[in-house]
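Q: Build me a model:
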Amino acid sequence: MWNKTLKVKVHWVIDGVAEVEADSLEDAEKIVNKKLADFVSGNPDIEKKMGAKAIQGKGYFPGSGEDT
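A: As a prediction, the model looks like this:
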């Protein structure tokens with residue numbers, strides 16, 4: 001057998017829902033964005049070695065079909 005390594009790309013996504021207390025949807029988005037941005041900047045391998053390019057989120061109010 002050959003001992004050959006392959007260069008492989010992996011497209012990855014992290015999905016989650018954070019529940020925070022805030023005065024508005026915009027404030028909630030800012031709180032979560034700051035926490036995630038601080039985490040990414042404190043872990044440079046996420047950007048450099050794992051290729052993270054963006055963080056995106058959208059605030060919403062829980063609906064009737066969702067756990068509160």
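Q: Name the SS class of Glu47, please.
A: helix (DSSP: H, G, I helix; E, B strand; the rest coil).
Q: Spit out the contact partners of the closest residue to it other than its chain neighbours.
A: Nearest non-adjacent residue to Glu47, counting by Cβ to Cβ, 6 or more residues apart in numbering: Val40, 6.3 Å away. All C-beta atoms are positioned from the backbone trio N, CA, C, and that covers glycine. In this structure, Val40 makes contact with 46-47, 52, 55, judged by Cβ atoms under 8 Å, 6 or more residues apart in numbering.
Q: Rank the helices and strands of this structure by mean pLDDT and give me the bottom one.
A: The weakest-scoring helix or strand in the chain, judged by mean pLDDT, DSSP states H and E, is helix 44-48 (a mean of 88).
Q: CA atoms only: put that one into CSV for me.
A: Taking Å, rounded to 0.1, in the frame of the first residue of the first chain, the C-alpha atoms of helix 44-48 are listed here in CSV:
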residue,chain,number,x,y,z
PRO,A,44,-7.0,32.3,16.3
ASP,A,45,-6.9,28.7,15.0
ILE,A,46,-10.6,28.9,14.2
GLU,A,47,-9.8,31.5,11.6
LYS,A,48,-6.3,30.5,10.5
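Q: what residues does stretch 4-11 touch?
A: Stretch 4-11 has contacts (Cβ under 8 Å, 6+ apart) with no other residue.
Q: From the chain's centre, how far out is it? Work that out for me.
A: 23 Å (Cα atoms, centre = their mean, to the nearest Å).
Q: cool, and stretch 50-68?
A: Centroid separation between stretch 50-68 and its chain, computed with Cα atoms, centre = their mean, is 9 Å.
Q: Pull the residues that contact that stretch.
A: Under the contact criterion Cβ under 8 Å, 6+ apart, stretch 50-68 has outside partners 12, 18, 25-26, 28-29, 32-33, 36-37, 40, 46.
Q: if we go to 10 Å?
A: Outside stretch 50-68, the residues within contact range by Cβ atoms under 10 Å, 6 or more residues apart in numbering are 9-12, 14, 16-20, 22, 24-33, 36-37, 39-40, 43-47.
Q: Report the contact partners of Ile14.
A: With Cβ under 10 Å, 6+ apart, Ile14 has these contacts: 36, 46, 52, 55.
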